[in-house]
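**Student:** Turn this into a structure:
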Amino acid sequence: FFFHDKMRMTRMRIVAVAMAMRMAVGTVHAQEDLDVNAIIDWVRSKGGYVNQKIEIRRRIDASDTYYNNNNTRQFGVFAREALDAKEPLLDIPQSCYIALWDDALGREGTATALHDNVCLLADKLMTERKLGKHSEFAPYVAYLDTLPSGQLPALWSKEGKALLRKVAPPRRKKTILDWIDIHRTSGCLRPDNAFEEHAMELIFQRAHDITLIPLWDMINHDSSDHRLNTEQGLVYPTTAGEGMKVWASRPIAAGEEIYVTYDECIGCPHNEFHFDTLQILRNFGFVERYPQRWVFPDLDIWFEIDEQTIIDNGQKQQLQADFGDPPHIWKPNKASIQFLEDHLKNLESLNRLMIVPKPDQIPQHEWDVIQQFHHASVAAFSTVLDAIHASHGSATEL
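**Tutor:** Okay, here's the model as predicted:
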């Protein structure tokens, strides 16, 4: 491991005052813009389980832009009362899933099969949204209808995408920003059809693989050892009819937010080798907190960046670079080091652009994510290069 001083972003704190609400035992804290209890009741009516000690509500801290994009505070799942380790939190039966089932062209395999399945699921979601209150998934569909479009970079404003393209690594720009073009050119999406594009966006952002799972998709992501507090089962358990189960991995205090990890899960083989911070940004529209994983497969680059508290005349928060366990996952060479050095120079050339007032043409949530991504990229590339230079030297020295 190598340590590097952590750069900090100045963030405005907004105090939000929540109105007191009376809650009956077993109900979930509901916001005025969405009847969360309707989803809970519907899941329970299908034989599902929702722990009475948890509540689903919007985050009170509106300045937490890691997840609160579009100036709308996103939902999270919280412990209303203390929870024991291994205590069940959710059990969502397959009858609540919006999934392909027999229509699937193949749950695993080629990229073409996955593309076709995503297209089919988007079509099914559009059908359910058009049915509205007549859909068998009506309470869940009502929630999906509240989610705004433009949350993923591929559907950002032209100006926001142009700026993010400057910040993104050259070998990953297209996968982050242009993936939806494949679905447009293939005939899956009609040209300039906002309803269809939003359905595709919801599939990428909300689905577990090619399955939409109510309530599970309201739990936010975090892979940090001290924040991650759940474990989860398979999306498709071997027992017929059973669904997604989530339980506490450790004691959870009252008021604590409940997290799952989107990139390390049962039934997600080899995700640790390819699913990274850039993929989180592409699929979910936010820059994840530490730990962060950065992968560039064509150059065999793989490393993680995490926080480390150093106790030396007081506590000091620093970043560390990890090349994997075992460490031979990636062995730096001249080409990979040159790539990292070149992109860090590009990022540093954009420093001034990142501190100027927000351009009028770029929506606030896009600007926030771009700034966060630039900050995270500079921290990651400088930290890993310092570690490499300390042990291997620069690209010109190899």
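**Student:** So which bits of stretch 149-161 are buried?
**Tutor:** Neighbour counts using 16 or more other C-beta atoms under 10 Å place G150, Q151, L152, P153, A154, L155, W156, G160, K161 of stretch 149-161 among the buried residues. (Glycine included, C-beta is placed from N, CA and C.)
**Student:** now do stretch 47-56
**Tutor:** Taking 16+ other C-beta under 10 Å as the basis for neighbour counts, the residues of stretch 47-56 that come out buried are G48, Y49, V50, N51, K53, I54, E55, I56.
**Student:** quick one: which of the residues you listed sit in strands?
**Tutor:** Filtering the buried residues of stretch 47-56 for membership in strands, criterion DSSP state E, returns Y49, V50, I54, E55, I56.
**Student:** hang on, the earlier thing: turn the buried residues of stretch 47-56 into a markdown table, including distance to K124.
**Tutor:** Written out in a markdown table, the entries for these read as follows (distance: C-beta to C-beta, whole Å):
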| residue | distance to K124 |
| --- | --- |
| G48 | 20 |
| Y49 | 25 |
| V50 | 24 |
| N51 | 29 |
| K53 | 34 |
| I54 | 29 |
| E55 | 30 |
| I56 | 25 |
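**Student:** quick one, helices of the stretch 251-398 of the chain?
**Tutor:** Using DSSP state H, counting those that start in this stretch, the helices assigned to the stretch 251-398 of the chain run over residues 271-274, 277-284, 334-349, 351-355, 364-391.
**Student:** tell me what the first one is packed against?
**Tutor:** The helices and strands touching helix 271-274, judged by 3 or more C-beta pairs under 8 Å, 6 or more residues apart in numbering; DSSP states H and E, are strand 292-296.
**Student:** Let me see the residues that make contact with the strand it packs on.
**Tutor:** Among residues not part of strand 292-296, those counted as contacts by C-beta atoms under 8 Å, 6 or more residues apart in numbering are 169, 171-172, 263, 272-278, 301-306, 336, 339, 376, 380, 384.
**Student:** List only buried entries from those.
**Tutor:** The neighbour count (16+ other C-beta under 10 Å) marks 169, 172, 263, 272, 275-278, 301-306, 336, 339, 376, 380, 384 as buried among these.
**Student:** Just the closest of the buried residues of stretch 47-56 to D145, please.
**Tutor:** For the buried residues of stretch 47-56, the minimum distance to D145 (C-beta to C-beta) is 16.7 Å, reached by I56.
**Student:** so what's that closest one up against?
**Tutor:** The contact partners of I56, by C-beta under 8 Å, 6+ apart, come to V28, H29, V36, I40, F75, G76, V77, F78, L215, M218.
**Student:** What ranges does the stretch 1-150 of the chain have for its helices?
**Tutor:** Taking DSSP H, counting those that start in this stretch as the test, the helices found in the stretch 1-150 of the chain are 36-45, 111-131, 138-144.
**Student:** Out of those helices, flag the one nearest P251.
**Tutor:** Taking C-beta to C-beta, helix 36-45 is the member of the helices of the stretch 1-150 of the chain nearest to P251, at 23.6 Å.
**Student:** Remind me what the closest one packs against, helices and strands.
**Tutor:** Taking 3+ C-beta pairs under 8 Å, 6+ apart as contact, the helices and strands that helix 36-45 lies on are strand 49-50, strand 54-58, helix 138-144.
**Student:** Identify whichever of those lies nearest to P291.
**Tutor:** Sorting the helices and strands packed on helix 36-45 by C-beta to C-beta, the top spot, which is the nearest, belongs to strand 54-58 at 25.5 Å.
**Student:** List the strands paired with that closest one, with their directions.
**Tutor:** When sheet partners are counted by DSSP bridges, strand 54-58 sits next to strand 75-79 (antiparallel).
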